[in-house]
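Undergrad: Sequence and predicted structure, then a few things I'm wondering about:
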Amino acid sequence: METAFIITILATAIQAGAPVIYAAVGEIFAERSGILNLGVEGMMLVGAVSGFIVAVNTGNPWAGVIAAMLAGGLLSLIHAFLTITLHADQVVSGLALTIFGAGLSSFLGQNYVGVQGPQFNPIHIPVLSDLPILGPILFDYDILVYLSVLLIPLSAYFIHHTRPGLHLRAVGEDPATADVMGINVARTRYIYTFVGGVLAGLGGATLSLAYTPGWTEGLSGGRGWIAIALVIFAFWEPWRAMVGAYLFGGVQALQFNLQTIGITIPTYFLNMLPYLFTILVLVFATGERMKRHLGAPAALGIPYIRGER
Amino acid sequence: MNTPTARQPDIAVEMRDIVKRFPGVVANDHVTFIALRGEIHALLGENGAGKSTLMNVLSGLYTPEEGEIFINGEKVVFHSPRDAIAAGVGMVHQHFRLVPTLTVIENVILGLDDPKFRLKLEGARAKIQSLSEQYGLKIDPDAFIWQLSVGEQQRVEIIKALYRGAQILILDEPTAVLTPQETEELFRTLRSMAEKGHTIIFISHKLDEVMAIADRVTVLRQGKVVATVAIDEVNKEKLAEMMVGRPVIFRIEKPEIEPGEEVLRVEDLHVRNDKGLPALQGVSFVVREHEIVGVAGVSGNGQTELAEALYGLRPVEKGRIFLYGRDITQASTRDIIREGVAQIPEDRHREGSVGNMGISENLIMKHYRRSPVSRGPLIDWGYVRDFARKLVKRFNIAAPSIHTKARLLSGGNLQKLILARELSSEPGLIIAMHPTQGLDVGATESVRKQLLEEREKGAGILLISEDLDEVMQLSDRILVIYEGQIMGETPGEGADRNEIGLMMAGENRSGTGDTSLQRNTSNA
Amino acid sequence: MTPTPSSSSHRLPRLSLERRLTSPWWLSWVIPIASVALALLAGALIIASQGVNPWEAYRAMFEGAFGTGYGVAETLVKAIPLMLAGLGVSVAFRMKLWNIGAEGQLWMGAWAAAGVGLFLYPAWNLPPWLAILLMMAAAVVAGGLWGAIPGVLKGVLQVNEIITSLMLNYVAISWVLYFVDILWRDPGGLGFPNTAPLDKAIWLPKLTWIPFLPKGHRVHAGLLIAILAAVFIWFLLNRTKWGYEVRVIGENPEAARHAGMPIVRNIILVMILSGALAGLAGMAEMAGVAHRLQRGLSPGYGYTAIIVAWLAKLNPFGVLLVAVLFGGLLVAGDQIQLTMNLPRSISDILQGLILFFVLGGEIFGRYRLRLR
């Protein structure tokens, strides 16, 4: 009973963490380039709904994934255009993106609520998936979960050990210097804001095509915001974002499974858990940051205009 | 000093009829500039004369509206610094272009495309080490920039340019951040580079320096070229006149006054910086009425933290601060302002003013709590307008109205606004940090005159400045700070530049400092 | 809107920006109006995609919101919570505190007011006017405290207030729904999740004296509260020492620190004030319109308030005006849902579009664009 419960919790945590990993890593890329995109929630929603619509109409969940990534990416370009080219306030533009995305997703999805669509199923790996304990914890997921795990080392390596990663860091820390050194600041920021949108869209698709297949209004339920909080918790490092995402997944898993071990708390309070947890994590991370003097990318949120202080 | 053997008369850089405008100003007005291969060419002018703009054009950062550029006789058009680098032009900016969170190697290879994807750094490390040996620029390639001293960062900047094969090296006010000894070392490096055939363009507004290092000099004034002359054809006075457009008096009048009572006493002050590391480690000194005490030192040795601690902006870890004998160590900024301490902050825009507010609203930032500016919880805006008009007139702030936004003011006018605000409350103690930084000669003179007037009226002034000339000209006593400690004290009158330089580099003469503190104590 | 990185290419004509030192007076009017017009143009495409003639839809929307006395009244009803919450948000934004928790603060205000109205009022046998004042006070306290949480976290621990205030929205709504669905649920409510109605005596009175509005309109005293609140906020910000501090801190916190202004204290106070105003919005909606606590009490007023505050350039009287326009947009959204069979979300999309275009348009006020 106890082990079964723990296995369920761990397995659900990894499952529930996947969409948040995508969104958080995407936001890490955007913020590393100096662009704060608070529109993650909106991009996830639009990604989720367009992924679902395309998957339903083509019968192919992969087509849905691609559509979701494109939709998230396109939406992020609005933010990029406003903040990079027109120097609009990044906070307000991101909020606008979330409001717009929420409206757009419910508009697009009006005829898809409650519709059954194709979905990604857990991949059954012979022998491995059947292992006791380890099987369900490590080898019983759909492909999007595995890809999310793979994304972590790839993005960490990219950021710290490649030339484009070096330029990404430079642009987010000190765009004026990057500019003088011949790096195209605007282009770099466009690229990584787009990458952020693509990954947020993918996170949305993970929700609507795998984790909770189907579409309902407001499907992401604040996960976009939680992803942004996890970026702060993660000190802009993919590895820590993964840890944060699984912690969040664990809290969700508890929320769904506490009743099975006889703990009865009104669902209203269980529903608060992920959000309270996020606040707590943020408080903890902020304290840690102050103590260790770890900063956000120095140019985060500040428009770059050549020759202006 | 000159080594004519290495000289060839070919032209390395020719800029013809360059025009660069910014909204409201013509920064470069048909400027023609020629620098030869193997020479050290100084570009002299006041702040705002257009020197940096011209060199930013040459380094590809700005695109000129008119004019042509030739490098080694070939016409070039630079769209970006990358183009300029490809043509062999490298620039060391006054504010270093280094990313603090990256290492030396990472900064050096920033923006290049070798290695293309995977960062394999062995090749770069070897090349940096060889450059560093060749030119005597000692540096640890794997250190993070934030760990380096200012002098070391400058070396990284020079290596960065050489790494890219720069034949033409532009340095923008390179000595502003160095000790006199470090400056000498830099000059040696520059001379050896010139001998190897590099062209060095040296931007400066300091005459002594230009006389010491340059082969030829081009003087700019208000965006136009005054003249280009060989250094042996001119002297300091002549250069000064060309630069300012009128004869300049180098000495300022500073009447002898006996210092009065003790205003500020600092005992064994310990303070930490933003990173939590010790910034001040046992600083003690005294400032008296009618006295300017200068604090000299290379930036980043605790000056900022000292000013902040005295102003209640930074917690004191250990030690005590007394104002007129009263302990203000734990006092809030608000209380310290009320006790009559004025501050001319380091950064006029960031700390000293609110860009989007009008002059009048900026002028009451230290007065708004008290009658007659406010009555009870309310501000009397009618009074504020009169108050502002009076100050604008008295301090000669040039602006269309008292509601003009502070960000639209020139550097000199903004500094006048800050002086007007700080001095109008008749302070007993003035903490002035880099009060003339970035100002032109006229504004500089007027600021210095104001400070001397306050001294005559009886204020004690703590003058923190990286400009050694300024500290030596104005101060009655000079303290030299290094790594958060006072290395020693000398009287302002007849101070030995070399001696101060050694202390700025960390040579401890605090034996004298301690006795002087005791002497002051017995005086007071 | 094809994004073109401004400096990607060297040979094509380049978009370059020049800072304006002064801008002509008409610019500050023309730009927002043109921006909204363009946003509506973009929205027309979305409406057209539904097979509806956008111009007819817009005409129907305008007539629905402003064309009839009934429409105007409903527009004002929807504007009241937007005004109050918008004022709250604008006060926080003045100090660059991104309080996006107005929605949660509004719910907490409604909840506390409902508690007073449903339980204290009958239990203590209060006179109705006192009960209404107490409901207002309770909403101010509850909303203020809910705003104080991100305020304290920000001021004392420097925790990002955007995320904390938003997370608290979800927490607040869960909290209130627990009461609506379970603890305070009206047993006679025919299975609808809501509380019993308030006693009629403590409803916010209808403003029956307003001329031109049809009989039986729902415009209530919340409108007066909102107007008073705007005057109060304007006075506070522009005439008092405290307001001066808030403005200086908002524009340049470092300069404020050097002037000895109490930043932490003011962060907390401003967040309390901001939350209190949003809480009042909840009280007004509960006691003036719904007359009970129920699911769906706010269709996201707290989020729309963010747009309202921003478009009003944080000016309190501007907030009143823009709130009426957005109240109209909400009414119009309901209208076209009924008459033209368009989804309600059209009005959310329009809100987002308007904000995008106004944001994008701002640059033309600050910069001159040059093609080179």
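TA: Thanks, I have the structure now.
Undergrad: Quick check: phi and psi at the residue in the stretch 51-200 of chain B positioned nearest to chain C.
TA: In the stretch 51-200 of chain B, the residue that lies nearest chain C is residue B:79 (4.4 Å; C-beta to the nearest C-beta). To be clear about C-beta, it is placed using only N, CA and C from the backbone, and glycine gets the same treatment. Backbone torsions of residue B:79, given as degrees, to the nearest 10, read phi -100, psi -20.
Undergrad: so how far is residue C:266 from it?
TA: Applying C-beta to C-beta, to the nearest Å, the value for residue B:79 to residue C:266 is 47 Å.
Undergrad: between the two, who's got more neighbours?
TA: With neighbours defined as other C-beta atoms under 10 Å in any protein chain shown, residue B:79 and residue C:266 compare such that residue C:266 has more, 22 against 14.
Undergrad: where are the low-confidence patches of the chain?
TA: Here I'm looking at chain A. Chain A contains residues with pLDDT under 70 at A:1, A:293-294, A:307-309.
Undergrad: wrong one, I was asking about chain C
TA: Using pLDDT under 70, chain C drops low at C:1-18, C:21-23, C:369-372.
Undergrad: top helix in the chain by residue count?
TA: No chain was given, so I picked chain A. helix A:2-32 (DSSP state H).
Undergrad: my bad, the chain I had in mind was chain C
TA: Chain C, longest helix under DSSP H: helix C:128-157.
Undergrad: How confident was the prediction at residue B:516?
TA: For residue B:516, the model assigns a pLDDT of 41.
Undergrad: ok, back up a step: what helices or strands is the longest helix of chain A leaning on?
TA: helix A:40-58, helix A:134-138, helix A:143-161, helix A:163-173, helix A:185-206, helix A:223-233, helix A:238-257 (3 or more C-beta pairs under 8 Å, 6 or more residues apart in numbering or on different chains; DSSP states H and E).
Undergrad: Mind putting those helices into CSV with distance to chain C and mean neighbour count?
TA: What follows is those, written out as CSV (distance: least, C-beta to the nearest C-beta, whole Å; neighbours: other C-beta atoms under 10 Å in any protein chain shown):
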stretch, distance to chain C, mean neighbour count
helix A:40-58, 8, 29
helix A:134-138, 29, 16
helix A:143-161, 21, 17
helix A:163-173, 13, 23
helix A:185-206, 4, 28
helix A:223-233, 5, 29
helix A:238-257, 11, 21
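Undergrad: any chance of these in TSV, plus distance to chain B?
TA: Shown next, in TSV, are the helices and strands packed on helix A:2-32 (distance: least, C-beta to the nearest C-beta, whole Å):
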stretch	distance to chain B
helix A:40-58	25
helix A:134-138	30
helix A:143-161	5
helix A:163-173	5
helix A:185-206	11
helix A:223-233	17
helix A:238-257	17
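Undergrad: Could you dump the ones you listed into a markdown table and include distance to residue C:286?
TA: Formatted as a markdown table, the helices and strands packed on helix A:2-32 follow (distance: least, C-beta to C-beta, whole Å):
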| stretch | distance to residue C:286 |
| --- | --- |
| helix A:40-58 | 27 |
| helix A:134-138 | 48 |
| helix A:143-161 | 43 |
| helix A:163-173 | 45 |
| helix A:185-206 | 34 |
| helix A:223-233 | 26 |
| helix A:238-257 | 29 |
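Undergrad: out of these, nearest to residue B:467?
TA: helix A:163-173 (29.3 Å; C-beta to C-beta).
Undergrad: packing partners for the closest one?
TA: helix A:2-32, helix A:143-161, helix A:175-180, helix A:185-206.
Undergrad: Now do the last one: which elements does it pack against?
TA: Packing partners of helix A:185-206 (3+ C-beta pairs under 8 Å, 6+ apart): helix A:2-32, helix A:40-58, helix A:61-80, helix A:143-161, helix A:163-173, helix A:175-180, helix A:223-233.
Undergrad: Find the centremost residue of chain C, please.
TA: residue C:305 (1.8 Å; C-alpha atoms, centre = their mean).
Undergrad: Identify the residues contacting that one.
TA: Residue C:305 is in contact with C:81-82, C:85-86, C:88-89, C:102, C:278, C:281, C:323, counting by C-beta atoms under 8 Å, 6 or more residues apart in numbering or on different chains.
Undergrad: Show the buried residues in the residues you listed.
TA: For the contacts of residue C:305, a burial check counting by 16 or more other C-beta atoms under 10 Å in any protein chain shown picks out C:81-82, C:85-86, C:88-89, C:102, C:278, C:281, C:323.
Undergrad: Now go through these and say which are in helices.
TA: Reading helices off the buried ones among the contacts of residue C:305 with DSSP H, I get C:81-82, C:85-86, C:88-89, C:102, C:278, C:281, C:323.
Undergrad: re the thing from before, residue C:351: which of the helices and strands packed on helix A:2-32 is closest?
TA: Per C-beta to C-beta, nearest to residue C:351 of the helices and strands packed on helix A:2-32: helix A:40-58, 12.2 Å.
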